[in-house]
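Student: Here is my input, please return the structure:
(one chain, ligands or ions: 2)
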Amino acid sequence: MAMLFYPEFEVVRNEYRCIACRVCERQCANEVHAFDSESGLMVSDESRCVNCQRCVSLCPTRALKIVKSDCAFRENANWHDDTIKEIYKQAYSGGVLLSSMGNPAPFPVYWDKILINASQVTNPSIDPLREPMETKVFLGKKPGKIEREQDGKLKFDLPPQLELSMPVMFSAMSYGSISYNAHKSLATAAEKLGVYYNTGEGGLHEDFYGYGENTIVQVASGRFGVYKDYLEAGAAIEIKMGQGAKPGIGGHLPGTKIVGDVSRTRMIPEGSDAISPAPHHDIYSIEDLRQLVYSLKESTEYRKPVIVKVAAVHNIAAIASGIARSGADIIAIDGFRGGTGAAPTRIRDNVGIPIELALAAVDQRLRDEGIRNNVSLIVGGSIRSAADVVKAVALGADACYIATAALLALGCHLCRTCQTGNCNWGIATQRPELVKRLNPEIGREHLVNLMNAWRHEIKELMGGMGINAIESLRGNRLMLRGIGLTDRELKILGISHAGE
Ligand code: SF4
Ligand code: SF4
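Tutor: Ligands and ions are numbered 1, 2, ... in the order given. Predicted structure coming up:
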């Protein structure tokens, strides 16, 4: 049975503008465009187009447009076009549907239903251009009380901390799922900005050991590329228990992507599938997790904070409470809109909960139990702007992880087909001719620009509230109001409604 349905996108070529230079043909790794020597015209196979916008962006005469096809099945409020096409695809392939990047379904985005306060008359606002504003944050366990030496001097011995110049850093993306040049852009930008990037579960390429002071090394269930020097290389170690895009399941990087450097960095043979099991096979309880946390601390002489990353799921507050008691220094929570290089579509679109609700529930639970200072909280899973960062910090986060926003800064056009390995923007690919399309120096510059722009906006938003330091904003829910939310939602978020 062949898949017989009209392509999702149409290539619209303005024939008056097209000069048949064949740039589009060379730029499209999906082989949509071709030159027809008989007619002297460019032709298109639209069924292959994923709307990545590469050809549109590089066409020198702006002759191209990609539009969503308006060819539709008969209207049906229950059976949407996408649902029908998915049935056809599964009937054709017999397989699990795969997708990438974040959940695109129309669930509520709570960030867009939360408004930020501004000072008027009393508690005046602060002008961030003229007055100092502190955006630096430290992640790690904080002492529960002030302690002094016998001679009265303050004790400054703190457990290991991560110092960030601003409350944003780059989330885990493995070498293999993204390209060498994408990793290099992230590593060099993190160094320049005074923040961190995260290796993901693919090990650390030998060229990037020099950026260790700005690197978080990840230990996932597959333990790819994990050995003593790797643990030593990073500023912190992250145990990945779960991921927002695919909670409860493992990972799978196909053998076709395990080539050359990727295979060496992961320490697995070329061509073998890199399968991360769903669970860590040595962790079935908080006590087991504690053993891994302390093994990692022990092997790095208690010099590095240990992060435990989990997906935001239904009982996240209780899970976080357990992690805080496991000896971890930092908890990273990943919401259900978090991106990924490849995930089963059903999991991505139906499993997990929004990060906004998870964060509010976790922060409140840790406060209620008197253990909030035992851990720092990082949140990720679709942090899209400086306003989302400010709202997250006011809801209780110490810092945010960004990944999709960082990839957008590198040129990603969110076509959501990373799993094919044909990323025309040189990001989610290992094909050398595509990888070289991303210049890591330009990539670094764009990442630095994005983060600096957000830093300015964070300062402006804080200044408007009359707050001059991130520390004073953290958990300050009085600065937030909900709009159009139910009493139950407001209760979970711990904020009042606008007008109250
Ligand atoms: S896949 Fe991308 S480059 Fe190819 S035709 Fe579609 S938009 Fe253009
Ligand atoms: S990284 Fe590449 S393949 Fe993935 S969504 Fe972005 S443009 Fe598409």
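
Student: Return stretch 215-225 as CSV; C-alpha atoms alone will do.
Tutor: Taking only C-alpha atoms (Å, rounded to 0.1, in the frame of the first residue of the first chain), the coordinates of stretch 215-225 have been written out as CSV:
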residue,chain,number,x,y,z
THR,A,215,30.8,22.3,30.9
ILE,A,216,28.3,20.2,32.7
VAL,A,217,29.0,16.5,31.9
GLN,A,218,26.0,14.2,31.9
VAL,A,219,25.8,10.6,33.1
ALA,A,220,22.7,8.9,31.5
SER,A,221,21.5,5.3,31.6
GLY,A,222,23.6,4.3,28.6
ARG,A,223,26.8,5.7,30.4
PHE,A,224,28.3,6.5,26.9
GLY,A,225,31.7,8.1,27.1
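
Student: Residue 236 and residue 162 touch, don't they?
Tutor: Yes: at 5.5 Å, residue 236 and residue 162 qualify as touching, with contact defined as C-beta atoms under 8 Å. Yep, even glycine has a C-beta here, placed from its N, CA and C like the rest.

Student: Quick check: residue 16 is in a strand.
Tutor: No: under DSSP: H, G, I helix; E, B strand; the rest coil, residue 16 falls outside any strand and is assigned coil.

Student: show me the residues around residue 221 that make contact.
Tutor: When contacts are counted by C-beta atoms under 8 Å, 6 or more residues apart in numbering, residue 221 is found next to 240, 250, 276-281.

Student: Just the pLDDT at it, thanks.
Tutor: In this model, residue 221 is scored at 92, pLDDT.

Student: So that it lines up with my notes, have the first residue be 798 from now on.
Tutor: Taking 798 as the first residue, the last one we looked at is residue 1018.

Student: Give me the secondary structure label for it.
Tutor: Reducing the assignment to helix, strand or coil with three-state DSSP, the entry for residue 1018 is coil.

Student: State the distance from it to residue 1037.
Tutor: Relative to residue 1037, residue 1018 is positioned 7 Å away (C-beta to C-beta, to the nearest Å).

Student: ok, now which ones touch residue 832?
Tutor: Residue 832 sits next to 817, 819, 822, 838-840 when contact means C-beta under 8 Å, 6+ apart.

Student: after the helix ranked longest in the chain, next one along is what?
Tutor: Ranked by residue count and defined by DSSP state H, the top helix of the chain is helix 1237-1262. Toward the C-terminus, helix 1237-1262 is succeeded by helix 1267-1270 as the next helix or strand (DSSP states H and E).

Student: Would you mark the buried spots in that following helix?
Tutor: Neighbour counts over helix 1267-1270 (16 or more other C-beta atoms under 10 Å) mark 1267, 1270 as buried.

Student: Likewise for stretch 1073-1081?
Tutor: Residues of stretch 1073-1081 classed as buried: 1073, 1077, 1080 (neighbour count, 16+ other C-beta under 10 Å).

Student: now swap in stretch 921-936 and tell me
Tutor: Of the residues in stretch 921-936, those scored as buried under the neighbour-count criterion (16+ other C-beta under 10 Å) are 923, 925, 930, 932, 934, 936.

Student: okay, the residues you listed in CSV with secondary structure and distance to residue 1293 next?
Tutor: Listed next are those as CSV, based on DSSP: H, G, I helix; E, B strand; the rest coil; distance: C-beta to C-beta, whole Å:
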residue, secondary structure, distance to residue 1293
923, coil, 24
925, coil, 26
930, coil, 26
932, coil, 27
934, strand, 26
936, strand, 29
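
Student: returning to that earlier point: from the buried residues of stretch 1073-1081, which shows the smallest pLDDT?
Tutor: Minimum pLDDT across the buried residues of stretch 1073-1081 is recorded for residue 1073, with 87.

Student: what's the spacing between that one and residue 975?
Tutor: Using C-beta to C-beta, residue 1073 is found at 16 Å from residue 975.

Student: Could you do residue 863 as well?
Tutor: Shown here: residue 863 relative to residue 975, a distance of 24 Å by C-beta to C-beta.

Student: These two: which is more packed in?
Tutor: Neighbours of residue 863 and residue 975, each counted by other C-beta atoms under 10 Å, are more numerous for residue 975; the result is 28 against 20.

Student: Next one, pLDDT for the more buried one please.
Tutor: Reading off the per-residue confidence, residue 975 sits at a pLDDT of 95.

Student: Got phi/psi on it?
Tutor: Recorded main-chain torsions at residue 975 are phi -120, psi 170, according to degrees, to the nearest 10.

Student: picking that back up, is it possible to export the buried residues of stretch 1073-1081 to TSV including secondary structure and distance to residue 1208?
Tutor: Conversion of the buried residues of stretch 1073-1081 to TSV gives the following (three-state DSSP; distance: C-beta to C-beta, whole Å):
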residue	secondary structure	distance to residue 1208
1073	strand	27
1077	coil	34
1080	coil	37
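
Student: quick one: which of those residues is nearest residue 896?
Tutor: Out of the buried residues of stretch 1073-1081, the one with the shortest distance to residue 896 is residue 1073. That distance is 17.9 Å, counting by C-beta to C-beta.

Student: For the stretch 948-1097 of the chain, which segments are assigned as helices?
Tutor: 977-990, 1025-1030, 1057-1063, 1083-1096 (DSSP state H, counting those that start in this stretch).

Student: Buried residues, the first one. List them.
Tutor: Residues of helix 977-990 classed as buried by neighbour count (16+ other C-beta under 10 Å): 977-988, 990.

Student: And the residues you listed, which two are furthest apart?
Tutor: The most widely separated members of the buried residues of helix 977-990 are 977 and 990, with 20.3 Å between them, by C-beta to C-beta.

Student: Show the model's pLDDT score for the spatially most central residue of the chain.
Tutor: In the chain, the C-alpha closest to the average C-alpha coordinate belongs to residue 1200, at a distance of 3.1 Å (C-alpha atoms, centre = their mean). What the model reports as pLDDT for residue 1200 is 97.

Student: what sits against it?
Tutor: 967-970, 1135-1136, 1177.

Student: just these that are near ligand 2?
Tutor: Among the contacts of residue 1200, no residue lies close to ligand 2 (C-beta under 6 Å from any ligand atom).

Student: farthest pair in those residues?
Tutor: Using C-beta to C-beta, these span at most 13.2 Å, a distance reached by 967 and 1135.

Student: Nice, that's everything, thank you.
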